[in-house]
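*Asks:* Starting from these lines, generate the structure:
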Amino acid sequence: MKMSAGGFTDLREKLKAMTPHREEQRSGGEKRRRSPSDEDDEEEEEVMTRELEARKVKRGIAQTRVFTPEECAHIEAKIDEVVARGERGLYREHTVDRAPLRNKYFFGEGYTYGPRLERRGPGQERLYSKGEVDEIPSWVHELVISRLVARGLIPEGFVDSAVINDYQPGGCIVSHVDPIHIFERPIVSVSFFSDSALCFGCKFQFRPIRVSEPVLCVPVRRGSVTVLSGYAADDITHCIRPQDIKERRAVIILRKTRPNAPRLDTNPLTPSITLPSERRHKLKAKRSHRKADPDAAHRPRVLEMDKEQQRLSLFSQQDRRGSAGSENSWRRVDAASLYKHSHHTHTDTPSRQVKMRRH
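*Replies:* As a prediction, the model looks like this:
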């Protein structure tokens, strides 16, 4: 076969060389499979992205050991007293928030979140009205806050909200960002009872509960203080995984609320938030305005006619068995005449026709 000037022995080979992208598709229209090198490149790029994000998170985290084991034991005894008071019902309604394997105690300021909200999602959280949670206990000021002020970790007068989270083994708190529209930064937490870990960038799945690999996992030691700001506080979620709570653990979270933080009832410019109890009340009121069923008034009459028809059928069976002389024969006569009169009344009056049916 004669070769062309371009070096091709066949026109098909020339067309194939001019359109190399066509070879990337298979005859069935499928895209060519990714080569192992492509997958390796993607995996390497993902690893680099996660490492870059982890470095950003680390820049927003500061940790230091502040409390000795003896000081921890003293503070932990105070936490036990809080738990005991909560069990006895000595706190205001919104001070204590219970969940499986985790109890939360709001002091100073409390806020609605998660299932307590009618409209859920970031930005929907609202502070409770002033006075709906108990004040910050004096021991929190004396034993915890004053120590952090003395160490220069927070300024004097910074804290107006203290939350105690008390975890049992296997407890957790799902990935979240502390509400930016409610709390100023930094977010300060102090750990007690046992060591644990704080994870960033996890995704939770439930039934059964599963947690993805974190972007960063930071150990938190008993008696240590963790301060979150910048990227770590605002741009990535943090959580506590069930596998990281091997023993009972408590954390005291110290924050400052924003002056313009929205509340449940004092900000007319924000959408009203309805708590579940109020929502149920509203639904009950709405159900009470149902329209009346037009057939409801006839149902007792239909039932009575059904009874008479059954009774008449029973008496007819007795007649066929030759029981005309029984002591109930007079009832058959009355029942028959009553049914005849009732049937005649309803069939002769078109406006009051009642369809015979069983309920």
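*Asks:* and after the strand or helix carrying Y105, which helix or strand comes next?
*Replies:* For Y105, the host element (DSSP states H and E) is strand 102-107. Per DSSP H and E, the first helix or strand lying C-terminal to strand 102-107 is strand 111-112.
*Asks:* That next one pairs with which strands, and in what direction?
*Replies:* Partners of strand 111-112 in the sheet, by DSSP bridges, are strand 126-127 (antiparallel).
*Asks:* residue ranges with poor pLDDT in the stretch 51-200 of the chain?
*Replies:* For the stretch 51-200 of the chain, the stretches with pLDDT under 70 are 114-118.
*Asks:* thinking again about what came up before, pull out the buried residues from the strand holding Y105.
*Replies:* Neighbour counts over strand 102-107 (16 or more other C-beta atoms under 10 Å) mark R102, N103, K104, Y105, F106, F107 as buried. Where C-beta positions appear, they are placed from N, C-alpha and C, glycine not excepted.
*Asks:* For the stretch 101-250 of the chain, which segments count as helices?
*Replies:* Here the stretch 101-250 of the chain has its helices, by DSSP state H, counting those that start in this stretch, at 138-139, 146-150, 230-234.
*Asks:* sorry, back to before: pull the most distant pair out of the buried residues of strand 102-107.
*Replies:* The span of the buried residues of strand 102-107, defined through C-beta to C-beta, is set by R102 and F107 at 16.6 Å.
*Asks:* sorry, back to before: pick the most deeply packed of the helices of the stretch 101-250 of the chain.
*Replies:* Among the helices of the stretch 101-250 of the chain, helix 230-234 has the highest mean neighbour count (mean count of other C-beta atoms under 10 Å), at a mean of 18.
*Asks:* Could you name the helices and strands sitting against it?
*Replies:* In terms of contacts (3 or more C-beta pairs under 8 Å, 6 or more residues apart in numbering; DSSP states H and E), helix 230-234 is packed against helix 36-59.
*Asks:* Which elements pack onto the helix or strand following the helix it packs on?
*Replies:* Using DSSP H and E, the next helix or strand after helix 36-59 towards the C-terminus is strand 61-65. Secondary-structure packing of strand 61-65 (3+ C-beta pairs under 8 Å, 6+ apart): strand 216-220, strand 224-228.
*Asks:* thought K256 was touching V159?
*Replies:* Yes - between K256 and V159 there is a contact under C-beta atoms under 8 Å: 6.2 Å.
*Asks:* Torsion angles phi and psi at L90?
*Replies:* Main-chain dihedrals, L90, degrees, to the nearest 10: phi -90, psi 0.
*Asks:* got the contact list for it?
*Replies:* Not one residue lies near L90 by C-beta atoms under 8 Å, 6 or more residues apart in numbering.
*Asks:* start the count at 795, not 1, going forward
*Replies:* Renumbered: residue one is now 795, and that last one reads L884.
*Asks:* sorry, back to before: JSON lines for the helices of the stretch 895-1044 of the chain, including distance to E840?
*Replies:* JSON lines is the format used below for those (distance: least, C-beta to C-beta, whole Å):
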{"stretch": "helix 932-933", "distance to E840": "47"}
{"stretch": "helix 940-944", "distance to E840": "38"}
{"stretch": "helix 1024-1028", "distance to E840": "19"}
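*Asks:* Figure out which of these is closest to G915.
*Replies:* Per C-beta to C-beta, nearest to G915 of the helices of the stretch 895-1044 of the chain: helix 1024-1028, 16.5 Å.
*Asks:* Not counting that closest one itself, show me its contacts.
*Replies:* By C-beta under 8 Å, 6+ apart, the residues outside helix 1024-1028 that reach it are 850-855, 971-972, 974, 979-981, 994, 1032.
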